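> Coordinates only, no sequence provided:
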């Protein structure tokens, strides 16, 4: 890849969006023309922001026009900035790091620094990392390389090799301002930040390349995406939604596999006015000490023709103590792989055919605790028999649970079950 300043480049412009112009020769080379001063407008609401330049100053006061804009910033280490709170801890705004930003109005980020013209190593710690995209050009996730410092030879691995080696979880999550929720991405974009999970300390090598969306192609098995949203929130601009994914694949395992099954991203950095948090719950994995958390964003199981599959879901509405309703909506991918198998969602005592409808509205309510001997059981989560099948979704190890582990407010979602067709 070649980088030029504005007076050195040749070619025909491909795009210009405040980052300078990008040019492409009739060759295999990428030519990026970028200024040392760049700006980007962020829409009102929530964003994860970053800098695509090595900054000459890391001060929020220097980077943002704090006299014209009111906003809040939050970093992964607990640092924060607020236009309304002078006691908030200051943030060092650095390239390759991501920051949550919230504002009721559009905010302009105006930065000055050096264009990063070569491969940039992003240091990843074990666990979740809130990173920023350090380049001025888009980068496909599949083009990323990974170096494992524990490997004596330090040979870079491709993204797919690193995921297959269980060094990284397969999804990188950004925050979609328009959708108001975290979503997995295929492309890293300038001025945006992302969540990435590493199983150990690693280096993520971000390199410029010719960007072509046609190069990205990933075949998946059956997938079911479920999205949550509060119905008629009081401050729609400042809310979050949530999403989980469950799936079936011939190559997947029903057991915990790092990279195949993915943790839910951290939620303790920033607090929206309303966030119907939804996760796939696996307390048995956590209690057995094989996972760092019981909360999962995605869970893949093996696709076969003769076994029932089930996923246990939990939810909590955060940031809002008032009465509320939660809308659950869903989309299928590759549903034909299931043939005529039933796909049911159990909410309270109701069984919903997910093939015949794509949403349901449920109430958020205060949890009722039933205590029997020294064990706590979920209110309403009893074994019962609908007309056709006996559902034994409580057939799991029951362990003593501390009261503080129960959220005050919750959605009464039991699980999703896929039944093999009897016909």
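Cool, the structure landed. The structure presented is a predicted model; accordingly, all values stated were derived computationally and were not measured.
> just checking, next helix/strand downstream of the host helix or strand of residue 244?
If you go by DSSP states H and E, residue 244 is part of strand 242-249. On the C-terminal side of strand 242-249, the closest following helix or strand by DSSP H and E is strand 262-263.
> next one: the helix or strand that that following strand is followed by to chain centre, how far?
With elements assigned by DSSP H and E, the helix or strand that comes after strand 262-263 is strand 275-281. Its chain's C-alpha centre and that of strand 275-281 lie 12 Å apart, by CA atoms, centre = their mean, to the nearest Å.
> quick one: strands adjacent to strand 275-281?
strand 295-302 (antiparallel), strand 309-318 (antiparallel) (DSSP bridges).
> closest to residue 268 out of these?
Residue 268 sits nearest to strand 309-318 of all the strands paired with strand 275-281, at 10.0 Å, using CB to CB. To be clear about C-beta, it is placed using only N, CA and C from the backbone, and glycine gets the same treatment.
> what is the orientation angle of the closest one with strand 242-249?
Here the directions of strand 309-318 and strand 242-249 differ by 170 degrees (axes from the mean of the first three to the mean of the last three CA atoms, to 10 degrees).
> buried ones in strand 309-318?
Neighbour counts over strand 309-318 (16 or more other CB atoms under 10 Å) mark 309-318 as buried.
> Which member of these is positioned nearest residue 352?
Taking CB to CB as the measure, residue 352 lies nearest residue 313 of the buried residues of strand 309-318, at 12.6 Å.
> Residue 282 is in contact with the closest one, correct?
No - contact criterion CB atoms under 8 Å: residue 313 and residue 282 do not qualify, at 10.9 Å.
> Helices of the stretch 1-150 of the chain, start to end?
60-63 (DSSP state H, counting those that start in this stretch).
> can you list the weak-confidence ranges in the stretch 51-200 of the chain?
Counting by pLDDT under 70, the stretch 51-200 of the chain has low-confidence residues at 86-89.
> Identify the bridge partners of the residue lying closest to residue 221 once chain neighbours are set aside.
Distance criterion CB to CB, 6 or more residues apart in numbering; nearest residue to residue 221, sequence neighbours excluded, is residue 249 at 3.4 Å. Beta bridges link residue 249 to residue 302, judged by DSSP bridges.
> The buried residues of strand 309-318 into a markdown table, with extra columns for pLDDT?
Formatted as a markdown table, the buried residues of strand 309-318 follow (pLDDT from 0 to 100):
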| residue | pLDDT |
| --- | --- |
| 309 | 86 |
| 310 | 87 |
| 311 | 89 |
| 312 | 89 |
| 313 | 89 |
| 314 | 88 |
| 315 | 86 |
| 316 | 87 |
| 317 | 87 |
| 318 | 88 |
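> ok, these vs residue 74, which is closest?
residue 318 (15.0 Å).
> measure the residue nearest to that closest one when sequence neighbours are not counted to residue 139 for me?
Closest residue in space to residue 318, ignoring its immediate chain neighbours: residue 275 at 4.5 Å, by CB to CB, 6+ apart. Between residue 275 and residue 139 the distance is 29 Å, computed by CB to CB, to the nearest Å.
> what does residue 314 give?
Applying CB to CB to residue 314 and residue 139 gives a distance of 35 Å.
> And for residue 97?
When residue 97 is compared with residue 139 (using CB to CB), they lie 17 Å apart.
> what's the burial count for the closest residue to residue 70 other than its chain neighbours?
Excluding its sequence neighbours, the residue lying closest to residue 70 (CB to CB, 6+ apart) is residue 83, at 4.1 Å. A count of neighbours around residue 83, defined by other CB atoms under 10 Å, yields 16.
> and the gap between residue 83 and residue 76?
With CB to CB as the criterion, residue 83 and residue 76 are 21 Å apart.
> Alright, I will stop here.
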